[in-house]
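Please work out how this folds:
(2 chains)
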Number of protein chains: 2
Amino acid sequence: MSDLHWRSATELAQRIRDGVVSSVDVVEACLARIRDADADVQAWTFLDPDYAIVQARAADDYRLSGQPVGALHGVPVGIKDIIDTADMPTENGSPLHAGRTPSRDAAVVARLRGAGAVIMGKTVTTEFATRHPGKTRNPHNPTHTPGGSSSGSAAAVAAGMVPLALGSQTGGSTIRPASYCGVYGLKPTHGLISRHGMWELSRTVDHVGLFARSLEDLALLMEELAGHDEGDPDTRPRARVPYRVVAAEEPPLPPMLGFMKTPLWDRVDADAKGAFAELTERLGDRVEEVELSVATAEAWRWHEAISGAEMALSLRREWETGRDGLSPELRARIERGRAVSAVEYLYARARVPELVAAFTELFEQRYDAILTPSAFGTAPVGLESTGDPAMCALWTLCGMPAVNVPLMQGANGLPLGVQLVGPRHGDARLLRTARWLVGSLSP
Amino acid sequence: MSDLHWRSATELAQRIRDGVVSSVDVVEACLARIRDADADVQAWTFLDPDYAIVQARAADDYRLSGQPVGALHGVPVGIKDIIDTADMPTENGSPLHAGRTPSRDAAVVARLRGAGAVIMGKTVTTEFATRHPGKTRNPHNPTHTPGGSSSGSAAAVAAGMVPLALGSQTGGSTIRPASYCGVYGLKPTHGLISRHGMWELSRTVDHVGLFARSLEDLALLMEELAGHDEGDPDTRPRARVPYRVVAAEEPPLPPMLGFMKTPLWDRVDADAKGAFAELTERLGDRVEEVELSVATAEAWRWHEAISGAEMALSLRREWETGRDGLSPELRARIERGRAVSAVEYLYARARVPELVAAFTELFEQRYDAILTPSAFGTAPVGLESTGDPAMCALWTLCGMPAVNVPLMQGANGLPLGVQLVGPRHGDARLLRTARWLVGSLSP
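Now for the predicted structure:
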């Protein structure tokens, strides 16, 4: 059996471009893997194998016609089911949106198609990208959660079903499942990638998230997805960044990492604490422990006020007319969000630029990246919860780029991710620092 | 006695530039007028005549040195006392801020100084630019309000004390006093002029406002004040607009005006209703009555939710530590603002782009400007209220440019303004349309 489904997107795109393999070969390998593994993993909520093959065949025909091809030509990508697709349902993980068929692609899907990608299918999300789990299980052990809310995207990439997948992050919905499933995950700088056509939970803290099995593949995706879009008022026209080039470079100076335990350190598993002690030990003088300022400790409440209130607004219609179709967890969250006053909300919003300025100074003065756990430990056992996003909330609130690096393992053999966080718009260099980190720890 | 104080800023700047008069001549004429009239009008909260002369003398010396001069060189300008000045107090109309002396100029003041203007002094504002009146009286009849919150700026320009003054508008704080005092007032497109260093009442609906006795002078001010400023996150880099040239041009086609009575028409004085009937009659086929859509009628509530909540945030410190120093009216407003939920606030915010889109379509399809009263009538009698801003709130909410044209008089002989409203970023053409309107009604 072919092992094409385990190859990187970068390699597959190159081989398809060179005519060494066809997109149909690649998509068939991925479909075969899905047939083998998805009964256990349950990563997909919509998958039409024939239609995937139709797209792959069209990609192959197009290439054979001699026309220039895009950077992802013929490469299959999984799309979280809160991201609209014009040719597949998008049900936002809720029975209230069952049968929803958008008529337009989300901006990111349109960009992927423009780059030649095959839209493989829709991956499982938690309910409206919040906490109530979908059906997906951790590919490393089906009795454990894959994390969420981008459960299916993380699991599909981890299980070799697709080389790339898109998710989202409002709290910790990309970094946490990437950590639990042992893949790379990137939550880019807020406003770099358009969210137009993605279910809006919270404009202030919603991000598109990326999953891959290599840093190079994340850089490839960033080149295709970052950019201004009128449909997302938080994106801006900017100079193009050569993510792949920058991410592949050697850092001009050995990076310095700031290890932040954060006020949540007490909640980190003993096992994970030990792994981080060992990691920082190995990094020697390239890492220093940094304390967060006292004010920063309140950031978790600010994140909750902002995302809670904005979520309550987004789910206004569902709350008013379909409350019984919401999970009890989500109903409780909406109630909390509705109780947030405008003054509390605006106060929290006004603190964010101050937080960002403090971190910007820290990065400018001393650290290439902050090093911190991606989650409190490995994937918790059980499928009734997707784990706790708290280790991600501060960085999400600040809109700073964060990457999960699947560097370690827990005592239970499950993946344990390292989170690196960089300054806003330092995404390419963050990938470069992550690459340096991986290399410097290789035997 | 000189009549220089009644001349336009455009003319004065030209004569100073040509060496026909000096800035000292102009400033002395204005100071003489202030000595004569301000006992009745009470437009100023801070005025140091010697210091104004010092600035004028410096302007004259500078010009005599042969260096190139700015567009407002030597011209005195009044500054509302919520706009920071590095060399004069800025007390925001509240005893709680008495003795406040900012160390930096607001962005607009810095721009005025860069253009060579003499900062004449600080004009009276209502309490924190809200409703509780200051000491200013209407120059046309001191038993009537000048309107507010930019009371002193409107009155000073109307009384011939300065040719130009800056104010602000969050509800109707520029257009209403301009109407009551019989001067031109412009509330430009939201985000065109930086509010950095101006007391922030409500980021979403705060605007810098401009007062002058001619449209040409408003255009001159716009050229100096519009532009990107990092200190105001709602400004953006944009191509420079030649306001004076555009405002002076003949419209390529005769403008078409849309007369909007709005759902508030019942509250307009009978006298003003009659004046508008006559006006639209005279305009003949150049005006048509337009109904607002039903949804728009809610806009007044949205304006109240947004400005109320943001005001409560801005006045958080005063509320918490100096409540007794706030007027009962303002305390009641803050209480209402604090009761707004984040969901109500965000819902209102989310409606604004839809409103703007509907108006944009109306302008693109048919109307050069909307014609509507600036206020419910002439300045009300009494000084305990500054009148009602409701006729301005919708346009302020939409961030669309609005100009008061002092075209008419009430039966009581007091000024009665016509408000013209244009599409966002159509400020220069709105001034052109206003000029056409004035010309087409001249005998």
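
drop to CA atoms for contacts and neighbour counts, all remaining ones
Fine.

Show me the helices in the stretch 301-443 of chain A, by range?
Taking DSSP state H, counting those that start in this stretch, the helices of the stretch 301-443 of chain A run over residues A:316-321, A:328-338, A:342-365, A:390-398, A:427-441.

Just put those helices in a markdown table and tack on mean pLDDT.
Shown next, in a markdown table, are the helices of the stretch 301-443 of chain A (pLDDT from 0 to 100):
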| stretch | mean pLDDT |
| --- | --- |
| helix A:316-321 | 97 |
| helix A:328-338 | 98 |
| helix A:342-365 | 96 |
| helix A:390-398 | 98 |
| helix A:427-441 | 97 |
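
Now the ones you listed in TSV, please, with extra columns for mean neighbour count and distance to chain B.
Converted to TSV, the helices of the stretch 301-443 of chain A look like this (neighbours: other Cα atoms under 10 Å in any protein chain shown; distance: least, Cα to the nearest Cα, whole Å):
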stretch	mean neighbour count	distance to chain B
helix A:316-321	14	9
helix A:328-338	17	6
helix A:342-365	17	4
helix A:390-398	24	17
helix A:427-441	20	23
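
Tabulate those (a markdown table), appending distance to residue A:300.
Listed next are these as a markdown table, based on distance: least, Cα to Cα, whole Å:
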| stretch | distance to residue A:300 |
| --- | --- |
| helix A:316-321 | 24 |
| helix A:328-338 | 14 |
| helix A:342-365 | 10 |
| helix A:390-398 | 6 |
| helix A:427-441 | 23 |
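
Now do the contacts for residue A:93.
If you count contacts by Cα atoms under 8 Å, 6 or more residues apart in numbering or on different chains, residue A:93 has them with A:81, A:82, A:124, A:125, A:126, A:127, A:128, A:129, A:134.

Also residue A:127?
Residue A:127 makes contact with A:92, A:93, A:94, A:133, A:134, A:149 under the criterion Cα under 8 Å, 6+ apart.

Could you tell me which of those belong to helices?
Secondary structure from DSSP state H places none of the contacts of residue A:127 in helices.

ok, and the most crowded of the residues you listed?
Highest neighbour count within the contacts of residue A:127, by other Cα atoms under 10 Å in any protein chain shown: residue A:149, with 34 neighbours.

quick one: it and residue A:170 touch, right?
No. Applying Cα atoms under 8 Å, one finds residue A:149 not in contact with residue A:170, separated by 9.1 Å.

about what we covered before: going by distance to chain B, which of the contacts of residue A:93 wins?
Taking Cα to the nearest Cα as the measure, chain B lies nearest residue A:128 of those, at 17.9 Å.

Touching, that closest one and residue A:81? I think so.
No. Using Cα under 8 Å, residue A:128 is not in contact with residue A:81; the gap is 9.2 Å.

Tell me what residue A:165 is bridged to.
Beta-bridge pairing of residue A:165 under DSSP bridges involves residue A:78, residue A:211.

Quick check: it touching residue A:81?
No. Look at residue A:165 against residue A:81 with Cα under 8 Å: they stay out of range, at 11.0 Å.

who touches both of residue A:128 and residue A:81?
Counting by Cα under 8 Å, 6+ apart, the residues touching both residue A:128 and residue A:81 are A:92, A:93.

Those two: which is more packed in?
Taking neighbours as other Cα under 10 Å, residue A:128 and residue A:81 compare with residue A:81 leading, 31 against 25.

contacting residues around the more buried one?
Residue A:81 touches A:45, A:90, A:91, A:92, A:93, A:122, A:123, A:124, A:125, counting by Cα under 8 Å, 6+ apart.

now these as JSON lines including pLDDT?
As requested, the contacts of residue A:81 are exported to JSON lines (pLDDT from 0 to 100):
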{"residue": "A:45", "pLDDT": "98"}
{"residue": "A:90", "pLDDT": "98"}
{"residue": "A:91", "pLDDT": "98"}
{"residue": "A:92", "pLDDT": "98"}
{"residue": "A:93", "pLDDT": "98"}
{"residue": "A:122", "pLDDT": "98"}
{"residue": "A:123", "pLDDT": "98"}
{"residue": "A:124", "pLDDT": "98"}
{"residue": "A:125", "pLDDT": "98"}
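
give me the number of residues near residue A:275?
Neighbourhood size, residue A:275 [other Cα under 10 Å]: 20.

got it, and the one 3 residues further on?
Residue neighbour count, defined by other Cα under 10 Å, stands at 11 for residue A:278.

ok now the strand or helix carrying it, how far from the chain's centre?
Element membership for residue A:278, per DSSP states H and E: helix A:270-283. Relative to the centre of its chain, helix A:270-283 is centred 24 Å away, using Cα atoms, centre = their mean, to the nearest Å.

Which other helices and strands does the one helix or strand residue A:61 maps to contact?
If you go by DSSP H and E, residue A:61 is part of helix A:49-64. For helix A:49-64, the packing partners by 3 or more Cα pairs under 8 Å, 6 or more residues apart in numbering or on different chains; DSSP states H and E come out as helix A:23-41, strand A:118-123.

Of all these, which one is nearest chain B?
Using Cα to the nearest Cα, the nearest of the helices and strands packed on helix A:49-64 to chain B is strand A:118-123, at 29.0 Å.

got the contact list for that closest one?
Identification of contacts with strand A:118-123 by Cα under 8 Å, 6+ apart yields A:43-49, A:52, A:55-56, A:59, A:73-81, A:88, A:90, A:109, A:113, A:150-153, A:156, A:162.

and the angle for whichever helix or strand comes after it with strand A:118-123?
Per DSSP H and E, the first helix or strand lying C-terminal to strand A:118-123 is helix A:151-158. Orientation check (axes from the mean of the first three to the mean of the last three Cα atoms, to 10 degrees): helix A:151-158 against strand A:118-123 gives 130 degrees.

Dump helix A:151-158 to PDB, restricted to CA.
Below are the C-alpha coordinates for helix A:151-158, written out as PDB (Å, rounded to 0.1, in the frame of the first residue of the first chain):
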ATOM      1  CA  SER A 151     -11.100  18.000  16.900                       C
ATOM      2  CA  GLY A 152     -11.400  16.500  13.400                       C
ATOM      3  CA  SER A 153      -8.800  18.600  11.800                       C
ATOM      4  CA  ALA A 154      -6.200  17.800  14.400                       C
ATOM      5  CA  ALA A 155      -7.000  14.100  14.400                       C
ATOM      6  CA  ALA A 156      -7.200  13.800  10.600                       C
ATOM      7  CA  VAL A 157      -3.700  15.300  10.200                       C
ATOM      8  CA  ALA A 158      -2.400  13.200  13.000                       C
END
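
can you list contacts of that helix?
With contacts defined as Cα under 8 Å, 6+ apart, helix A:151-158 is touched by A:41-44, A:78-80, A:123-126, A:134, A:136-139, A:146, A:162-167, A:174, A:177-178, A:181-183, A:211-213.

and residue A:132, what does it touch?
Per Cα under 8 Å, 6+ apart, neighbours of residue A:132: A:126, A:327, A:329, A:330, A:384, A:385, A:386.

Contacts only, for the last one.
It stands for residue A:386. A:131, A:132, A:133, A:145, A:146, A:147, A:148, A:149, A:380.

10 Å - rerun?
A:126, A:130-134, A:136-137, A:144-151, A:173, A:176-177, A:180, A:379-380 (Cα atoms under 10 Å, 6 or more residues apart in numbering or on different chains).

again with the fourth one
For residue A:330, the contact set (Cα under 10 Å, 6+ apart) comprises A:127, A:128, A:130, A:131, A:132, A:311, A:312, A:315, A:319, A:323, A:336.

Likewise for the second one?
Applying Cα under 10 Å, 6+ apart, one finds that residue A:327 lies in contact with A:94, A:127, A:131, A:132, A:133, A:333.

try the fifth one
When contacts are counted by Cα under 10 Å, 6+ apart, residue A:384 is found next to A:131, A:132, A:133, A:134, A:135, A:144, A:145.

quick one: which of those is nearest residue B:277?
Closest to residue B:277 out of these is residue A:131 (60.2 Å), distances taken as Cα to Cα.

so the closest one makes contact with residue A:329?
Yes. Counting by Cα atoms under 10 Å, residue A:131 touches residue A:329, with 7.4 Å between them.
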